[in-house]
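Q: this one's structure only:
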């Protein structure tokens, strides 16, 4: 991207944050984006604002051309099981969602996640979903915050309705991580899902 493109992408996110973040005041009537609910608290690793929460998503170039701008989080789109980062690209939205049942604390955030005894492995289900017809896609799990965990899928591809197995191996010492599951092409993922992991 050009310098103008980079500036446009960065500034668009700052403008959205200024318009949507709660304004500190002495009253309790201020409204705005307060953050993720407990069920999605792991997404804080991607950023705590409507723009930074979509930093892992592709940028959006307005119709007719011009410089790219940041896509932003939409509760309405997410609750409708569509791409939460809008404007969404054309075509079906597809995502891989881990099935987690533990409560994990990473930093100062408590979120649904996976507890793994130190130095051992645990395998969880990951459900592949789409809101329309789409061919099989690649899935991968990547550590965002570190911690020495490793992640391995039983199969690298799948499609809507499939369940894949993700094996999480914890380091020998206590640690936490917030991995992201990416769906789509290896070098240009289309969607992502964050969750929390704790080695205990």
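A: In hand now; what should we look at? All figures in this text were calculated on a predicted structure; none of them were measured in a lab.

Q: so where's the longest strand in the chain?
A: When the chain is parsed with DSSP state E, its longest strand is strand 121-130.

Q: Compute the inter-axis angle for the very next helix or strand once past that strand and strand 121-130.
A: Under the assignment DSSP states H and E, the closest C-terminal helix or strand after strand 121-130 is strand 137-143. Angle of strand 137-143 versus strand 121-130, following axes from the mean of the first three to the mean of the last three C-alpha atoms, to 10 degrees, is 140 degrees.

Q: buried sites along the helix or strand just after strand 137-143?
A: The helix or strand immediately downstream of strand 137-143 is strand 150-153, counting by DSSP H and E. Within strand 150-153, the residues that qualify as buried are 151, 153, counting by 16 or more other C-beta atoms under 10 Å. In this view, the C-beta of every residue, glycine as well, is placed from N, C-alpha and C.

Q: Checking residue 12 next. Helix, strand or coil?
A: helix (DSSP: H, G, I helix; E, B strand; the rest coil).

Q: roughly how far apart are it and residue 75?
A: With the distance defined as C-beta to C-beta, to the nearest Å, residue 12 ends up 19 Å from residue 75.

Q: neighbour count winner among these two?
A: residue 12 (19 against 12; other C-beta atoms under 10 Å).

Q: Check the contact between that one and residue 52; I expect there is one.
A: No - at 11.6 Å, residue 12 does not count as touching residue 52 under the criterion of C-beta atoms under 8 Å.

Q: can you list the domain ranges for this protein.
A: 3-86, 94-199 (automatic domain parsing).

Q: deepest of these, which one?
A: Counting by mean count of other C-beta atoms under 10 Å, domain 94-199 has the highest mean neighbour count of the domains of the chain, with a mean of 17.

Q: So which residues of the protein form helices?
A: Under the criterion DSSP state H, the chain carries helices at the ranges 3-20, 75-79.

Q: a markdown table please, covering those and showing distance to residue 114 and mean pLDDT.
A: Below are the helices of the chain laid out as a markdown table (distance: least, C-beta to C-beta, whole Å; pLDDT from 0 to 100):
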| stretch | distance to residue 114 | mean pLDDT |
| --- | --- | --- |
| helix 3-20 | 30 | 84 |
| helix 75-79 | 22 | 87 |
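
Q: For residue 136, which of those helices is the nearest?
A: helix 75-79 (23.8 Å; C-beta to C-beta).

Q: Name the surrounding residues that touch the closest one.
A: Residues from elsewhere that reach helix 75-79 (C-beta atoms under 8 Å, 6 or more residues apart in numbering): 83, 84, 85, 86, 88.

Q: This protein: strands as residue ranges?
A: 72-73, 85-86, 94-98, 102-106, 109-116, 121-130, 137-143, 150-153, 157-158, 163-169, 175-177, 179-184, 189-194, 196-199.

Q: got any ranges where the chain has weak pLDDT?
A: Where the chain drops to pLDDT under 70, the residues are 23-31, 56-58, 186-188.
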